[in-house]
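>>> Just to be clear, the model below is a prediction. Sequence and coordinates:
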Amino acid sequence: MSGVGDDEQGLASGLFNTTEQVGAGIVLAIAVAASSMRTTSLGGLGGKMALTGGLQSALLICIASVFLSLPAVFVVIQKKRQVASATVSGLADPLSVGEEECIEDVGLC
């Protein structure tokens, strides 16, 4: 993961994966609940029509969740561009923690 120090790579990866899994589970639960409610409410139309209506509402919820997450994606991309442009112009180092560490055993200072 770019922008994260070497000592925090595992933590960042775990946090990203956990967030992705929990978010997908929440959206899936909402979509299944909406599909079930819609299928039940359309039960008088017949089995196939009710099931189609329920699945259609689940699909619409999944599409809506994608569109609701787009602003967050654009904010993250904009921040990465700002950090990248600051790094190119020499104003900031996104990986620096403030002080350089010196590893004397291998001669890196």
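The structure has been received and is ready for your questions.
>>> Could I get the full set of helices for this protein?
Ranges of helices in the chain, per DSSP state H, are 9-41, 47-88.
>>> Any chance of TSV for these, columns mean pLDDT?
Shown next, in TSV, are these (pLDDT from 0 to 100):
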stretch	mean pLDDT
helix 9-41	90
helix 47-88	84
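>>> Of all the ones you listed, which one comes closest to G3?
Among the helices of the chain, helix 47-88 comes nearest to G3, with 6.9 Å by Cβ to Cβ. To be clear about C-beta, it is placed using only N, CA and C from the backbone, and glycine gets the same treatment.
>>> Report the angle between the closest one and helix 9-41.
Counting by axes from the mean of the first three to the mean of the last three Cα atoms, to 10 degrees, helix 47-88 points 150 degrees away from the direction of helix 9-41.
>>> Could you number the chain from 170 rather than 1 from now on?
Got it, first residue is 170 now, which makes that one helix 216-257.
>>> list the helices and strands helix 216-257 packs on?
On a contact count with 3 or more Cβ pairs under 8 Å, 6 or more residues apart in numbering; DSSP states H and E, helix 216-257 meets helix 178-210.
>>> Run through the neighbouring helices and strands of the helix it packs on.
Under the contact rule (3+ Cβ pairs under 8 Å, 6+ apart), helix 178-210 is packed against helix 216-257.
>>> how about the helices of the chain in TSV, adding mean neighbour count and distance to G172?
Listed next are those as TSV, based on neighbours: other Cβ atoms under 10 Å; distance: least, Cβ to Cβ, whole Å:
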stretch	mean neighbour count	distance to G172
helix 178-210	13	9
helix 216-257	13	7
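>>> could you list every residue that touches A200?
Residues in contact with A200 (Cβ atoms under 8 Å, 6 or more residues apart in numbering) are 227-228, 230-231.
>>> where's it relative to Q225, distance?
Going from A200 to Q225 by Cβ to Cβ, to the nearest Å gives 11 Å.
>>> Same question for R250.
38 Å.
>>> Check M218 too.
Remark: distance between M218 and Q225 (Cβ to Cβ) = 11 Å.
>>> Likewise for S234?
15 Å.
>>> All good on my end, thank you.
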